[in-house]
Structure formats: structure tokens, C-alpha cells
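J.: sharing a model that was predicted from the sequence below.
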Amino acid sequence: MGLTRQYLRYEPAALFGLVASARGNAVFVALRGERGRYVAVPACEHVFVWDTRKGEKDTDVIVWDVINESGLYRLRGHKDAVTQVLFLKEKNLLVTSGKDTLVKWWDLDTQHCFKTLVGHRTEVWGMALISEEKRLITGSADSELRVWDITYIQEVKDPDEPESKKSKGSSTGAEENTEEDETLELDEHPEERLIKCGKVGSIMREGRDRVVTLGTDRTGKVLACHGTDAVLEVFSVLSEEEVQKKLEKKMKKAKKKAKQNSEEEPEGTVELSLQEEIQRVTNIRASSKIKSFDLILSPKGELKIVLLLQNNIVELYHLNLSAQVPQAVRASKITIGGHRSDVRTLAFSSDNIAILSAAAESIKIWNRSTLQCIRTMDCEYALCSLFVPGDRQVIVGTKTGKLQLYDLASGSLMETLNAHDGAVWSIALSPDQRGVVTGGADKCVKFWEFELVKDESSIQKRLSMKHVRVLQLDEDVLCVRYSPNQKLLAVSLLDCTVKIFYVDTLKFFLSLYGHKLPVLCMDISYDGTLIATGSADRNVKIWGLDFGDCHRSLFAHDDSVMYLQFVAKSHLFFTAGKDSKIKQWDADKFEHIQTLEGHHQEVWCLALSPNGDYVVSASHDKSLRLWERTREPLILEEEREMQREAEYEDSVAKEEQPVVAGETQGETGLAGKKTIETIKAAEQIMEAIELYREEMAKLKEHKAICKAAGKEVPYPVNPILRAYGNVTPSAYVLEVFKKVKSSELEESLLVLPFSYVPDLLKLFNEYIHLGSDIELLCRALLFLLKIHFGQITSNHMLVTVIENLKKTTISRVSEARDVLGFNMAGLQYLKREIEAKDDVTFFADATDRFEEKKRKRKKKEKMILAVL
């Protein structure tokens, strides 16, 4: 029982200090009936929604069914990472761009790539559809935005099928122009194409670097793009009506000019250039590099632009497009949530309530319980920090070699001391709390004492520090730590060693050597018997402080160990690494206890509360995370088992097996992956079928016994079936089947051995005949027929089963389709009735009617003006 008492689990408590992650995209969301006010941004694994008035990389594309919450299929074709995907609403088509310089067109009905555009010489980073999906704009690594015309080719249709809207162009016209497009396409059979896509020109950007994001607003009237800098370029796209008006004006001018020069009238020679159709509006310069943006155009012509910046800021701009010279105005800025740069140092106050975080530009004090930022103070590039005893002041060591002393009550800088000639890498409070020791890049360890000094301007005394001693060394000092009894001082140096000195005489005591790279962090246990050191060589070494002997060397992280700290009054310690993990270790048993996963990038530092109940960590993903010690006991064997399962799952996911034996990998594949869950689901189905077989055999025996006895003998019910409410064995199999997650169904059936398939098919026939869960059963049935087609068709025993399945499935699916059709018609009727009764419009109809009214109003106004 010692194991369960010894360790307690740390669980994630909160994520704070983050406005938005730069890796995702920002999007305007409609909330509480308002549009253009709320912005959804990515924040590590969360999505934050901010009120702006207050302030995998692989080459596959997976198509998901969002209602069923499962992957439909995987599209393979790109040779490098996919950068963007766009759905064409008019047709069931998908356009994808990738780092392999290709733009691919996919037909989602047949799940194949039918067209590839090869007009780019570098990676295609962004795409946008404009002019009612009749034009495609692509952005690559140069300053050219390529514009492509999309023409839908008239397809051969069934006479019964209703006609859909078609754009200009026909199949004959497409065949005539195939020679022009040969450089842009890789089509071998032009007659099989669904669309014609040809380059019509280019728009030049002002930026010389690659396109990062290219996008339009919901209406497609505004196009914007940005590169790796802080400038967003905004373009206006003319609608068909506006293009027609411009053409008419141009034609009038041409006729007038021809008349003046007494020439013949030009016939159809006037054309608009691409630059006239897509006009530059303005450039918006943000306060930092842009990572993502979103646009929303109000009916009044005001454009709202939200920018997600690299330095953890979200900015909102307003742009009036109807103005003579449109100028963007910054409306609001969300900054309070966190630091502009990576947090390099953290500290806890002695009462476990306040957390200090410091970065390159500011210090922030957070309340641990509410996670609110209660103080923000400007500072230089901070590398180390601590709370002064009493928690009323804080000290920060900077990259320029200064010690900055701040008062928390006023939030002001009290004093700046020039401590070192190089960066102050480490600061440690003396156990008697009378002073501090600092280590810097100038090869010095300096001792400081707190003192009260009197300012000329005020009567009261204030806190200051005076330099009392210095220890000169041969190498840069990376970390300093006092032993709890204040007799020894440990100093880690750039030469990969840790030297121990006597504090009173500063004489050398021990040298700890064994690390291959410099020791970046270390800590001494509460009783002064152990010292643990973490190095850039990815190892943690545990030493005895009596003789300097190395007790054990542990391979701790997959990258440099950045921070190490002991838990108060124990020999347990935490390490933070560049591999984005935080790990807890036992220094007595040399065992890894648990891993705290959550950060998405390198972890720079961590801090433990004095009572050991909380851990706070800071990462390159701009987030601060709080972890809380729970009362839940942690059993090491269970942790090891979970770790082994995770490793096995990773290895399973990497296995690439064809769905059907002998089948080669094509353009499409299964969306899901083989995981522990899918294997467990397959095992549960197998167990259920085995129970069904046993129960059916027992039932047969029971009937024979009853017949022989000539009376009804009591039948013993299986405890599992009793737990499910005395269900039949076949109903139990269906219950197990329904519990399999929709997204894992195909992968689970793929793992299922064929010996269980005949029983499943017989049961499916029974279930479908009863009319239960038709959709789920048909999906599973069709998948089983696909993967086991050869074995099923060659098995004579299954011929009658398949024949029966065919009849029942067709009839039941027809019934389900009729019910759906009837329900849809009923809902449409109810909608019309409610609209007629309450004089209200539903859903998209309201928008369409509003637009129609607006057009009529404008037409009326023009007529009045013409009359006047």
C-alpha cells in the first residue's frame, strides 16, 4: 500500500496568459444576435471567443461528416503538406493546394482527383474563390497572385434529373481550348473533365515575401492577403453588375473618342483589365507580424477586419469602403490576457496566491485562484525573478546585467542596479531571507543584502540592496542555488560542471562532473542531502551533497532540460524540457512518476508553490498553465501500462495496411486510423458474438432437455444478459454494436476476423427485418461486403443469407427514404404555415428577401433621380 500513499496525481487546473495561438486562424462569429463583434481564436487546444468591444502535417485530405462525427474518406494525391482546402458550394467539388506546387480538383461524388493545375513554380500557400465561385485566386512564394477562370462544363444528364444552374461555357468550347491549357493541366482525357480552369492574369502584391493567408469576406466582395510581415493588403472585387456598368461607361468613352476622330464605331473591342475588376483599396499596417485574419462586410459598406498577431495580440480595424480615400482605423486591441513574447521566468509568492511571470517587455502578477492579471509593469528582457520576503516587492534579473526592484502596491520601478557585465542568468534567495545571490555571464557570483535606505524625496525608508561579496570564476555562471542550511552554494558553469563552495569562506568544496553539455538548471532538496542537475544533454543527474557521488543518471527528456525544482519537504522533483513535457521524478527510487502533457511547444520554465500543491509553467506557445495536486493516489504500474498503450497506439497508427487483400493504395482511403479504441471495440464485438453462439447452443440443449423431460425446465439466464434487462442474445450483440463510436466503426470491422462475419450477416438480416437502426446496419453491412467480398461470394453457406439480406435491405431502405421524404415535406408545410400565420421568414429565405427588397429600393431611388 506504500505506493498508493506516496504519490498524488497532478492534474491540469487552468490555461491562462494567452490571447491567441499564432498557428491557427481567427474568425468572426455571430453570437447573441450580433455579427462583427465577437471573434473566435485558437488558444492551444481551446478556442477562445473575445468581445472586441471590451478588449497535423501530412499530405492527406480527410472529408468528415460533422453530423455523424466520423471521417468519410481520405484523399491522397499531394506529395507534400496540404496548405488549404476549399469547397465549391455550387458543385460537390473540393480544391486543395499544397507545398508540392500543385492545385488539385477533387470530385467528391466519385472521390478522385480529376484535374491538377501546374502553373506555379513554388509552394502554393493560399487560395480564395471570388465572383460567385467563377474565379480562383492562388498565392505562392512570389509577389504574384494568379487568377484563374472557372467554367463548369455541361454534363450529360439523365432526362429524369432536374437541371441545375450552369455558368457560361460548354463542353464543345472546352474541347476547342484544350491546346491553350496544356501547360496548365495534367488531364489525359479532356472529355472527362467537369470544369475548365484557365489562367487569366495576375495581380501584383506589394509584399515581396510569400503569401501566408489569402481570403475573402462572406460575400466575396473583398479580398485580402498578407505575407510574413505586418502589412495586410485589401482589394475590392467588382460584382457582375458593377463590371457591366464599367464596360458600358468604357464603351461610351470609346464611341465618343471614335466620333471625335471621325472613325468607325468600335464593335465589342472594349474589355476590362483584371486590375480594374480587382482593385487595390488600401494597406493596413499592424503593430506586429500578422498570422491570420478574417473579414466581415456590413450592409452599410463598412468592413471589419480582425487580425491575429504573432505577439499574442488580437486587433480589430474598421474600414469604410465607400469613402473617397479609404483609411483603416484601429477600433480595439486585446492585450490584457498575456505577454507579447515568451515568458522566461516564473515565481510563486510565499502565501501560494500570487504568481509572477516576466518576459522580454513586461512583468505580470497573476492571482492564482481567479487567474486575473492584477499588475503589469514594464521591464527589460527578464531572465530570472523572485518575490522579496513579505511579497511586497519583486526582483528581476535582466539580459543586460541589471537587477530591477519593483514595488507591487504602486506597480513602479523602485531601483535599478548594474549587477553584472553580462546577462543575469540566475538569482537565489538566501535561506535566512536577508539577501540574494546572483550569477551572470561575466563569470561572477555576487552576494547582495537587503537594506532600508532613505530617499531625499520622501520621509519613509524604502527597500534596497547592497553588494557585499563577489566570487570570481573561470567560466560563465548559468545557475546558482543555496543549500537549506546556508552552508553551501552550488554554481553551474559553462564548462559542464557544477562546483560547490562554502558560503562563509567561499572556499571550494566539491566538483560534480559527468554531463556532456552545460547544466542549465539544478536544485537542492529540503534536507540538503541531494542535488539534482538538468542539462542540455537531456539527462538529469542526482548527486549526494556529502561526497559529490552520482547516485543515478536519468534520461529525462527528448530535448534540453530547461528547468528543475524539488517539491517542498520531499525528494520528489519536477523537470521541464524543450520537448514540451513536464515530468515528475522520485530522487530516492530514481523513478519517473508522471508526465504532465499540455504545452504545444518548448517549456521554458516552471515554478512550484511553497506548499507543493501547484505547479505553473510557461512555454513558447505563449501560454501559462497551472497544475494542481489532487487527492487521487497515483499507482506507478497503471502509469506504465498507460504509457505502453500510448506507445503501442503510435506504432499501430503507423502501420499502413490495404483495406482489401492485394489492393494497392489509391487516391482514396479510410479516414480513421487503427488505435487501441478500435481494437478494443473489435474485441467487444467478438466477445458479444461468442456469447451469442454459446447462448444459442445452450438454448438448443435446453429445448432438447425439455422435450426429453416432457415439461418446461427453468432456463438459467446469463448474468450479462440479465444486467442488460433480460435481453435476447441477438439484441445484446446489437447493443454492443451501437456502443461502438461512429468514427471508429470501419476500423473496428477491419480488425474483426472473417470467422465472425457469417454470424454477423445472419444477425444483420434479423435486425434489418425488424427495422431497427437501418442506417448503422447498412453502413456496416456494405463495409463488410467490400472488405470480405471474395470470401463471402465463394462461401455457398452464405448465398441464401445474402439473398435474404438483399430483399430485406432494399425494402427497409426504401421505407426509411419514404419516411424521410414525408418528414421533410411535413416540415416544409409547417414552415409555410407558420410564416403565413406570423408573417415571419425563416433561415436563409429572410436574407434572400432582404437582398431583393434592397435591390428594388435602389432601383426605385434611381428612377426618382432620373425623373428629377
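T.: Happy to help now that I have it.

J.: which parts of the stretch 601-750 of the chain are helices?
T.: In the stretch 601-750 of the chain, the helices defined using DSSP state H, counting those that start in this stretch lie at 636-654, 676-709, 719-723, 729-739, 745-751.

J.: of those helices, which is nearest residue 618?
T.: For those, the distance to residue 618 is smallest for helix 636-654, at 25.1 Å, taking CB to CB. (Each C-beta comes from the backbone N, C-alpha and C, glycine too.)

J.: buried residues, the closest one. List them.
T.: Judged by neighbour count (16 or more other CB atoms under 10 Å), helix 636-654 contains these buried residues: 636, 639, 649.

J.: next, count neighbours for residue 406.
T.: Using other CB atoms under 10 Å, residue 406 has 25 neighbouring residues.

J.: and the pLDDT at it?
T.: Predicted confidence (pLDDT) for residue 406: 93.

J.: who touches the host helix or strand of it?
T.: Using DSSP states H and E, residue 406 maps to strand 402-407. When contacts are taken as CB atoms under 8 Å, 6 or more residues apart in numbering, the neighbours of strand 402-407 outside the stretch itself are 363, 377, 379-380, 388, 392-398, 412-419, 424, 427, 438, 448, 462-465.

J.: can you tell me which of those are buried?
T.: Buried members of the contacts of strand 402-407, counted by 16+ other CB under 10 Å: 363, 377, 379-380, 388, 393-398, 415, 417, 419, 424, 427, 438, 448, 463-465.

J.: tabulate the helices of the stretch 601-750 of the chain (JSON lines), appending mean pLDDT and distance to residue 851.
T.: Output for the helices of the stretch 601-750 of the chain, formatted as JSON lines (pLDDT from 0 to 100; distance: least, CB to CB, whole Å):
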{"stretch": "helix 636-654", "mean pLDDT": "76", "distance to residue 851": "48"}
{"stretch": "helix 676-709", "mean pLDDT": "84", "distance to residue 851": "47"}
{"stretch": "helix 719-723", "mean pLDDT": "82", "distance to residue 851": "59"}
{"stretch": "helix 729-739", "mean pLDDT": "85", "distance to residue 851": "45"}
{"stretch": "helix 745-751", "mean pLDDT": "82", "distance to residue 851": "42"}
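
J.: most tightly packed of those?
T.: helix 745-751 (a mean of 21; mean count of other CB atoms under 10 Å).

J.: and the next helix or strand past it?
T.: Proceeding C-terminally, helix 745-751 gives way to helix 757-770 as the next helix or strand, assigned by DSSP H and E.

J.: what packs against that following helix?
T.: Based on contacts counted as 3 or more CB pairs under 8 Å, 6 or more residues apart in numbering; DSSP states H and E, the elements that helix 757-770 packs against are helix 676-709, helix 729-739, helix 774-787, helix 789-794, helix 799-838.

J.: hmm, 6 Å instead?
T.: Contact here means 3 or more CB pairs under 6 Å, 6 or more residues apart in numbering; DSSP states H and E; on that basis helix 757-770 packs against helix 729-739, helix 774-787, helix 799-838.

J.: in that helix, what's buried?
T.: So, applying 16+ other CB under 10 Å, buried residues of helix 757-770: 757, 758, 759, 760, 761, 762, 763, 764, 765, 767, 768.

J.: distance check, the second one against residue 792.
T.: Applying CB to CB, to the nearest Å, one obtains 8 Å for the distance of residue 758 from residue 792.

J.: equivalent analysis for the fourth one, please.
T.: According to CB to CB, residue 760 and residue 792 sit 11 Å apart.

J.: quick one, what contacts residue 615?
T.: Residues in contact with residue 615 (CB atoms under 6 Å, 6 or more residues apart in numbering) are 606, 608, 627.

J.: what's the closest of those residues to residue 735?
T.: Checking the contacts of residue 615 against residue 735 by CB to CB gives residue 627 as the nearest, at 39.0 Å.

J.: for that closest one, grab the count of nearby residues.
T.: The tally of other residues near residue 627 (other CB under 10 Å) stands at 23.

J.: cool, and residue 258?
T.: The local packing count at residue 258 equals 13, with neighbours defined by other CB under 10 Å.

J.: so which strand or helix has it?
T.: Assigned by DSSP H and E, residue 258 belongs to helix 240-260.

J.: export that helix as CSV, just CAs?
T.: What follows is helix 240-260, C-alpha atoms only, in CSV (Å, rounded to 0.1, in the frame of the first residue of the first chain):
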residue,chain,number,x,y,z
GLU,A,240,-21.1,41.3,-62.3
GLU,A,241,-23.4,44.4,-62.3
GLU,A,242,-20.5,46.7,-61.5
VAL,A,243,-18.4,45.2,-64.2
GLN,A,244,-21.3,45.7,-66.7
LYS,A,245,-21.6,49.3,-65.7
LYS,A,246,-17.9,49.9,-66.1
LEU,A,247,-18.0,48.3,-69.5
GLU,A,248,-20.8,50.5,-70.6
LYS,A,249,-19.0,53.6,-69.4
LYS,A,250,-15.8,52.5,-71.2
MET,A,251,-17.8,51.7,-74.4
LYS,A,252,-19.4,55.2,-74.3
LYS,A,253,-16.0,56.8,-73.9
ALA,A,254,-14.6,54.7,-76.8
LYS,A,255,-17.5,55.7,-79.0
LYS,A,256,-17.1,59.4,-78.1
LYS,A,257,-13.4,59.3,-78.9
ALA,A,258,-14.1,57.5,-82.2
LYS,A,259,-16.7,60.2,-83.1
GLN,A,260,-14.2,63.0,-82.4
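
J.: ok now the helix or strand following it, how far from the chain's centre?
T.: Towards the C-terminus, the helix or strand next in line after helix 240-260, according to DSSP H and E, is helix 274-277. Using CA atoms, centre = their mean, to the nearest Å, the mean C-alpha position of helix 274-277 is found 37 Å from that of the whole chain.

J.: point out the other helices and strands that helix 274-277 packs with.
T.: Counting by 3+ CB pairs under 6 Å, 6+ apart, no packing neighbours are recorded for helix 274-277 among the helices and strands.

J.: list of residues touching it?
T.: Identification of contacts with helix 274-277 by CB under 6 Å, 6+ apart yields 201, 238.

J.: contacts for the following helix or strand past that helix next, please.
T.: Once the chain leaves helix 274-277, the next helix or strand it forms, by DSSP H and E, is strand 278-285. Defining contact as CB under 6 Å, 6+ apart, one finds that strand 278-285 is touched by 203, 230, 231, 232, 233, 234, 235, 236, 237, 317, 326, 328.

J.: swap in stretch 138-154?
T.: Outside stretch 138-154, the residues within contact range by CB under 6 Å, 6+ apart are 120, 122-127, 134, 136-137, 166-167, 169-171, 174, 195-205, 208, 210-211, 214, 225.

J.: which of those count as buried?
T.: Neighbour counting by 16+ other CB under 10 Å classes 120, 123-127, 134, 136-137, 169, 174, 195-199, 203, 205, 210-211, 214, 225 among the contacts of stretch 138-154 as buried.

J.: in strands only, show me the residues you listed.
T.: Applying DSSP state E to those, the entries found in strands are 124-127, 136-137, 195-199, 203, 214, 225.

J.: okay if I get the helices and strands packed on helix 757-770 as TSV plus distance to residue 676?
T.: As requested, those are exported to TSV (distance: least, CB to CB, whole Å):
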stretch	distance to residue 676
helix 729-739	16
helix 774-787	21
helix 799-838	32
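
J.: so which of those helices is nearest residue 81?
T.: Among those, the nearest to residue 81 by CB to CB is helix 774-787 (29.6 Å).

J.: if anything else comes up later, I'll come back, but that's it for now.
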